[in-house]
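Chemist: Return a 3D structure for these sequence lines:
(2 chains)
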Amino acid sequence: MVPIGHYLFLSLALFSIGIVGVVTRRNVIIILMSIELILNAVNINLVAFSRLVGSVEGQIFAIFIITDAAAEAAVGLGIIIAFFRNRETVLADEMDILKW
Amino acid sequence: MLDLVIFYFFAALAVVSAVLVVTRRNVVHSAIFLATALLATAGIFLSLRAEFLFIVQIILYTGGILVLYVFVIMLVNLDVALHQVQFNRRWYVALLLTVLLGAQAFAAILVSRQSLYTLPPAPAQALEPNTELVAWGLFHTYVLPFEIASVLLLVAMIGGVVMAKKRI
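Modeler: Presented below is the predicted three-dimensional model:
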């Protein structure tokens, strides 16, 4: 098996790229995609440790995380559609109805 | 040795396509590179002997969630957004802070990776009938979280339908 440090570094790289996407992009759809990248990085960690320890529980938690990602994508994209219908924009810094 | 080559191939693919997801101007290109990143992650799962998760990743992530994204990209008219500034005004502050955070975590892993888990890695046979073991864990030990996850999916389904309705 490849040493565990390799998987941790890969996971850290994907996580950091996802964070950069969430905090710097203006397009909400790409922000949601970056969140998917972050969740994916977490899954890599869980599965790598599951292989290292020889227990399947990490994979079960990864399945729960994938379920959460699916729920989040469905609701988040629904919100984007509803918002686009009202305000004709997908840019995060123009979503300021609650701000006054 | 072969393990290492396979790992580096999929890792490089995942990192490069993740960078492209974040930096591309066109959202459709981002979605395609997201598919590549997710498939590369699936390859890493397979090299870690998680066959069931490999299939779930391809069917659910690349086949389900990504199609949802592409549908929304088609529903939402993005021709205007294509010609606007893609990054917000204080992106360099955000980038600096993220690089700091990443460097911190990098140093932490670098220092502690040797002492993280001192036992030798488990034999590959420990996860051997992979689907069977996952099913046993899901329906036996973790049956309550499993049911809660199904309720969560029901809520998300109703929420998605309500959100995307014409008149709320």
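
Chemist: Is the longest helix belonging to chain A positioned near chain B?
Modeler: Counting residues, the longest helix found in chain A (DSSP state H) is helix A:57-87. Yes. Helix A:57-87 lies within reach of chain B by Cβ under 8 Å from any Cβ of the partner chain, at A:57, A:59-60, A:62-64, A:66-75, A:77-82, A:84. (C-beta placed from N, C-alpha, C; glycine too.)

Chemist: Can you flag the buried ones in the residues you listed?
Modeler: When the residues of helix A:57-87 next to chain B are checked for burial by 16 or more other Cβ atoms under 10 Å in any protein chain shown, the buried set is A:57, A:59-60, A:62-64, A:66-67, A:69-75, A:77-82, A:84.

Chemist: Tell me the spatial nearest neighbour of whichever residue of chain B sits closest to chain A, not counting adjacent residues.
Modeler: In chain B, the residue that lies nearest chain A is B:A122 (2.5 Å; Cβ to the nearest Cβ). Spatial nearest neighbour of B:A122, excluding adjacent residues (Cβ to Cβ, 6 or more residues apart in numbering or on different chains): A:G54 at 2.5 Å.

Chemist: what sits against the one you found?
Modeler: B:121-123, B:126-127 (Cβ atoms under 8 Å, 6 or more residues apart in numbering or on different chains).

Chemist: Hmm, A:L52 and the residue of chain B closest to chain A touching each other?
Modeler: Yes. With contact defined as Cβ atoms under 8 Å, B:A122 counts as touching A:L52 (6.7 Å).

Chemist: Looking at those two now, which is surrounded by more residues?
Modeler: Per other Cβ atoms under 10 Å in any protein chain shown, whichever of B:A122 and A:L52 has more neighbours is A:L52, with 20 against 15.

Chemist: who's in contact with the more buried one?
Modeler: A:1, A:4, B:117, B:121-122.

Chemist: just the buried members of those residues?
Modeler: A:1, A:4.

Chemist: what angle sits between the helix or strand encompassing B:A149 and helix A:57-87?
Modeler: Using DSSP states H and E, B:A149 sits in helix B:143-163. Helix B:143-163 runs at 10 degrees relative to helix A:57-87, counting by axes from the mean of the first three to the mean of the last three Cα atoms, to 10 degrees.

Chemist: What are the buried residues along helix B:143-163?
Modeler: Result for helix B:143-163 [16+ other Cβ under 10 Å]: buried residues B:145-146, B:149, B:152, B:156, B:159-160, B:163.

Chemist: Just the pLDDT for B:Y61.
Modeler: B:Y61 is assigned 89 on the pLDDT scale.

Chemist: which residues does the closest residue to it other than its chain neighbours contact?
Modeler: Closest residue to B:Y61 apart from its sequence neighbours, by Cβ to Cβ, 6+ apart: B:L38 at 4.7 Å. Counting by Cβ under 8 Å, 6+ apart, B:L38 makes contact with A:36, A:40, B:57, B:61-62, B:66.

Chemist: For chain B, which residue occupies the most central location?
Modeler: B:L38 (5.8 Å; Cα atoms, centre = their mean).

Chemist: tell me the angle the helix or strand harbouring it makes with helix A:57-87.
Modeler: Following DSSP H and E, one finds B:L38 within helix B:27-47. Using the same axes, to 10 degrees, the direction of helix B:27-47 lies 170 degrees away from that of helix A:57-87.

Chemist: Can you show me the CA trace of helix B:27-47 as CSV?
Modeler: Only the C-alpha atoms of helix B:27-47 are listed here, as CSV (Å, rounded to 0.1, in the frame of the first residue of the first chain):
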residue,chain,number,x,y,z
VAL,B,27,-19.2,26.9,-16.1
VAL,B,28,-19.7,24.0,-18.5
HIS,B,29,-16.0,23.5,-18.7
SER,B,30,-15.9,23.5,-14.9
ALA,B,31,-18.5,20.8,-14.8
ILE,B,32,-16.6,18.6,-17.3
PHE,B,33,-13.4,19.0,-15.2
LEU,B,34,-15.3,18.2,-12.1
ALA,B,35,-16.3,14.9,-13.7
THR,B,36,-12.7,14.2,-14.4
ALA,B,37,-11.7,15.0,-10.8
LEU,B,38,-14.5,12.7,-9.5
LEU,B,39,-13.5,9.9,-11.8
ALA,B,40,-9.8,10.2,-10.7
THR,B,41,-11.0,10.0,-7.1
ALA,B,42,-12.9,6.9,-8.0
GLY,B,43,-9.7,5.4,-9.4
ILE,B,44,-8.0,6.1,-6.1
PHE,B,45,-10.9,4.4,-4.3
LEU,B,46,-10.3,1.3,-6.5
SER,B,47,-6.6,1.3,-5.7
